[in-house]
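Chemist: need a 3D model of the sequence below.
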Amino acid sequence: MSVAKAKKDYYLKKLGEVSPGEDYYLRGGTAAGTWRGRGAAEIGLAGRVSAEGLVRLFDGKHPGTGEQLGRSLRKDGVAAWDLTFSADKSVSLLWALGDVEVQRQVREAFDEATGVALDYIEAVASSTRGGRKTPVLDTEGRPVLDEEGRPRVRVETWPIETSGYLAAAFTEFTSRADDPQLHTHVVVGNRVKGVDGVWRTLDGQLLYRHKMAAGAIHEAELRSRLTQRLGVRWQPVDRGLADIEGFTEDQIVAFSRRRTQIEEWRDQNGLADTAAVNAQGALATRAAKHDRPIADLVTEWQERAVGVGLTPMVIAGMLDRSRLVTVPDPAPVVAGFLSETGLTAEVSTFGRPEVIQQVAAHMPEGGTRPQIEAVADQFLTDDEVVLLVPDRNESRYTTADLLSTERRIINRAIDGVGAGRWTAKESLVTEALERHSRLNEGQRDLVSQFATSGSSIDVGAGPAGTGKSAALAVIRELAEATGTPILGTALAARAAAGFEADTDIPSITLTRLFGRALEQGLLEGVIVVVDEAGMVGSRQLARLSDLVEQASGKLILIGDHCQLPEIEAGGLFRALTQRLPAVILTENVRQTEGWERAALTELRNGEASRAVGMYRENGRIVTTDCPIEAVELAVENWHHDVEVVGDISQVLLIAYRNTTVNQLNQQARSRIDQAGRLQGPALAAGEQVFQAGDRVVCHRNRHSIGVVNGDLATIEAVDSERHTVTVRLDRNNQTRTIPIWYLDDGYLDYGYAITGHKAQGATTRIVHTVAEAGADREWIYVTMSRGRDSNTLYLVEPGTPNDDCNHLTHDTRHLDPITASLNRRRAKTAAIDMLTMSR
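Modeler: Just a heads-up that it's a prediction; the model follows:
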């Protein structure tokens, strides 16, 4: 199931009286729209939807009487929500190519499944919110003013149950390319009646919160009903979806011309496979639906089907194979959910919607909503599941095992404060700090704390650019002076190599450290320093802590929980930071401009509007709803900076997605080639052509040749005969020869642009960042803190569809998407912290 905001002005243009050819919901040739939802039934709406009724729904009025329901909608407000339930392409093909009885059975099964899924999401996502504003007062009871001199207010909200949706459902059978595509749009008016009798707007966030669960129920119900009605079998469920056995991928693609049109448009324009780009592609390649009679289309489909091997006999062979729907034994399903690779593999907590989604995915032949919810609720009452935050719709849970792991490490850290682990004499610390007189107060505090606390676990945190590595280099000197072994580690090889280059602490990846410890253990009394500890999952930190404890060593965690979050279930680093006498660095020593240091602080602290204002005033933010222009402008400005700076390694492009990185790389290389910066013979390797002067990035760790994943470098020479290139690495200024096998395997790529994850830990002079929809505060904070002299953000946000693609602007009216992105957080919270907050 998909969820989209239906803005009033946009959808009113689609009504018949404005543009008959584009009347999206009331177009002739489709099934008539019908009123749906408990709220509609309560006010007497039933039967067919009229054009007048739909217009009134978008206007926030009673569809039957025209009475205003609550406050009038803003002209630019959300008029309605479009919930779209779609059949898998194989189901649509079965409907299109089957006989009349098969078509009837598929249509009825689809309608029933859609009704069940709609009932589910209405039950859990139809509430509204009440609220009130109270003034923010200082300690003396005076109003606190914002930067514009207006009194600050605190908004308090709470959920209010409602009578349900005012909704209109429209079923369609084709895509704009006239391929079979069975789908139903349920247009939910943005007005619901609270139990207090007041009409308010729907809490739209609940739709997004529960859409995956609703979609999973829809798919499972449809699989179950088609199995029972027609005896079809199913291919394995992948991300909640499954195709009918008997259809091949080539056959499905042959009837997916709309998808092919968008893919071809993306390829022609060198664009990423993202929601923003696909939305633009859908618009750019859109043709009006022709409303051809279904009978004519069925004839055409059947003729095309024969050409790809889908004869009537083949279709008939997919039926009556098995009408038995087997509900899996819940015991192994529950056991899988509880394991480290289950529901807490990537997050520390989960809710009922996530469980429902996973239960449905574990029913290959489908299942009913009651069956799915019963298994989900049985799991949530298991002894190994812990309720953290009780709430009717938003309760959060974790596993007893993960919560126990978090508690064990936190208790060890607290009990280990001043426990007599490694220390350096005060005189040694004083002498070291005198030698490093350029360290600021925070850095000096970090050195003193780590070298004298004697704690088993010490934690240091600080924003990007606060000089954490410089302080740890002093810890390395003190460890050597006391004859104590010291070892650095990080999640990624690039981070470990960079940490070693910055501190001279021998460093390896966590994976290699675990392997070494398994073979020979850690040295007695060793100091283990974890760089970028905020990216290390909780279970990995716990395992490392166990190893260091067995060696009676000292564990130092250094990082920033406001940068890129953990890939696995995380939050433990932040939890330790809050509970231990952690050293927090605050002084930014990287960015040269004072305003940019201040903007980064506001961004890190969640003051998105203030940060946006600072960047806007200095011309560092560009927004667009066109990804093509965003990339072109970023490359143009990048090339200008390269020409001004002279050193190409000091100007970097960063993008949110790999496909956008590829596009930036291709355009950037083309610009420097035209500028005559590439010299000597060309060498074709993998999918690229390399010359001296090219910027490159390594994509695989290969210690035998001295490179790690994420290494940035510049090609200095190309040997066409030996099929090798010689590069100079950014991190240590050393040259390395890249052999033929590394090149041919595609492990070396252009490095003019990289992803945000590869950029964490990098520092350069100037950075241009292209951030598509979905980028969050942590990602933007990391990328906007890489450049010492300048950082510019190009934000791609799809707006209301428009036929043009020329909306690059610094206009403040386009800043809301930026603020929304900066307010979006993906930082992970430990289960124990969520438990604490709920109390």
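Chemist: what's the neighbour count on the nearest residue to residue 622 once chain neighbours are set aside?
Modeler: In this structure, residue 622 finds its nearest non-sequential neighbour in residue 794, 4.8 Å apart by C-beta to C-beta, 6 or more residues apart in numbering. C-beta: built from backbone N, CA, C; applies to glycine. As a burial measure, residue 794 scores 24 neighbours (other C-beta atoms under 10 Å).
Chemist: so residue 794 versus residue 595, what's the distance?
Modeler: Here residue 794 is placed at a distance of 20 Å from residue 595 (C-beta to C-beta, to the nearest Å).
Chemist: please apply the same query to residue 331.
Modeler: Residue 331 is 60 Å from residue 595, by C-beta to C-beta.
Chemist: more neighbours: which of these two?
Modeler: Neighbours per residue (other C-beta under 10 Å) separate residue 331 from residue 595, with residue 595 holding more: 13 against 8.
Chemist: what bridges to residue 151?
Modeler: On the basis of DSSP bridges, residue 151 is bridged to residue 145.
Chemist: tell me the confidence at it?
Modeler: At residue 151, the model reports a pLDDT of 88.
Chemist: what does stretch 183-191 contact?
Modeler: Residues outside stretch 183-191 that contact it (C-beta atoms under 8 Å, 6 or more residues apart in numbering): 6, 25, 36-37, 54, 57-58, 60, 63, 69-70, 73, 77-87, 110-111, 114, 118, 165-172, 199-202, 204.
Chemist: show the average pLDDT along that stretch.
Modeler: 94.
Chemist: ok so, going back, and the contacts of stretch 183-191, which of them are in helices?
Modeler: 54, 57, 58, 110, 111, 114, 118, 204 (DSSP state H).
Chemist: just the buried members of these?
Modeler: For the ones in helices among the contacts of stretch 183-191, a burial check counting by 16 or more other C-beta atoms under 10 Å picks out 54, 57, 58, 110, 111, 114, 118.
Chemist: so, low pLDDT: which residues of the stretch 501-650 of the chain?
Modeler: 565-566 (pLDDT under 70).
Chemist: what ranges do the strands span in it?
Modeler: Assigned by DSSP state E, counting those that start in this stretch, the strands in the stretch 501-650 of the chain fall at 507-509, 527-530, 554-559, 583-584, 621-624.
Chemist: looking at those strands, which is nearest to residue 590?
Modeler: Set against residue 590 and scored by C-beta to C-beta, these come closest in strand 554-559, at 15.8 Å.
Chemist: what is the end-to-end distance of stretch 413-433?
Modeler: By C-alpha to C-alpha, to the nearest Å, the extent of stretch 413-433 from end to end equals 27 Å.
Chemist: flag every buried residue along it.
Modeler: Across stretch 413-433, burial judged by 16+ other C-beta under 10 Å covers 413, 416, 421, 422, 423, 424, 428, 429, 432, 433.
Chemist: with stretch 323-331 instead?
Modeler: Judged by neighbour count (16+ other C-beta under 10 Å), stretch 323-331 contains these buried residues: 325, 327, 330.
Chemist: any weak-confidence spans in the stretch 301-450 of the chain?
Modeler: Short version for the stretch 301-450 of the chain, where the test is pLDDT under 70: 392-393.
Chemist: just put the buried residues of stretch 323-331 in CSV and tack on distance to residue 390 and secondary structure.
Modeler: CSV is the format used below for those (distance: C-beta to C-beta, whole Å; DSSP: H, G, I helix; E, B strand; the rest coil):
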residue, distance to residue 390, secondary structure
325, 34, coil
327, 29, coil
330, 23, helix
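Chemist: so where do the helices sit in the stretch 701-839 of the chain?
Modeler: Secondary structure of the stretch 701-839 of the chain (DSSP state H, counting those that start in this stretch): helices located at 740-744, 756-759, 777-783, 816-823, 831-838.
Chemist: quick one: contacts of the shortest one?
Modeler: Which is helix 756-759. 494, 564, 652, 654-656, 697, 710, 767, 769, 779, 782-783, 786.
Chemist: do the last one as well
Modeler: Contacts of helix 831-838 from elsewhere in the structure, counted by C-beta under 8 Å, 6+ apart, are 344, 348-349, 386, 388-390, 396, 398, 402-403, 406-407, 410, 571, 574-575, 578.
Chemist: so which bits of that helix are buried?
Modeler: Using 16+ other C-beta under 10 Å as the burial criterion, the residues of helix 831-838 that qualify are 831, 832, 833, 834, 835.
Chemist: wait, doesn't residue 159 sit right on residue 200?
Modeler: No - the pair residue 159 / residue 200 is not scored as a contact, 11.1 Å apart, by C-beta atoms under 8 Å.
Chemist: mind listing the shared neighbours of these two?
Modeler: 128, 129.
Chemist: which one's more surrounded, the two?
Modeler: For residue 159 versus residue 200, neighbours defined as other C-beta under 10 Å are more numerous around residue 200 (21 against 16).
Chemist: for the more buried one, which non-adjacent residue is closest in space?
Modeler: Nearest residue to residue 200, sequence neighbours excluded (C-beta to C-beta, 6+ apart): residue 128, at 4.1 Å.
Chemist: ok, that neighbour to residue 158 distance?
Modeler: To residue 158, residue 128 is 10 Å away according to C-beta to C-beta.
Chemist: who has more neighbours out of these two?
Modeler: residue 128 (24 against 9).
Chemist: restricted to strands, list the contacts of helix 756-759.
Modeler: Mapping the contacts of helix 756-759 onto strands (DSSP state E) picks out 652, 654, 655, 697, 767, 769.
Chemist: neighbours of residue 728, just the number please.
Modeler: Residue 728 has 15 nearby residues by other C-beta under 10 Å.
Chemist: give the contact list for residue 73.
Modeler: By C-beta under 8 Å, 6+ apart, the neighbours of residue 73 are 8, 59, 60, 79, 190.
Chemist: what does the pLDDT read for the residue most central in space within the chain?
Modeler: The chain has residue 774 as the residue nearest its centroid, 5.8 Å off, counting by C-alpha atoms, centre = their mean. Per-residue confidence (pLDDT) for residue 774: 72.
Chemist: how close does it get to residue 351?
Modeler: Residue 774 is 21 Å from residue 351, by C-beta to C-beta.
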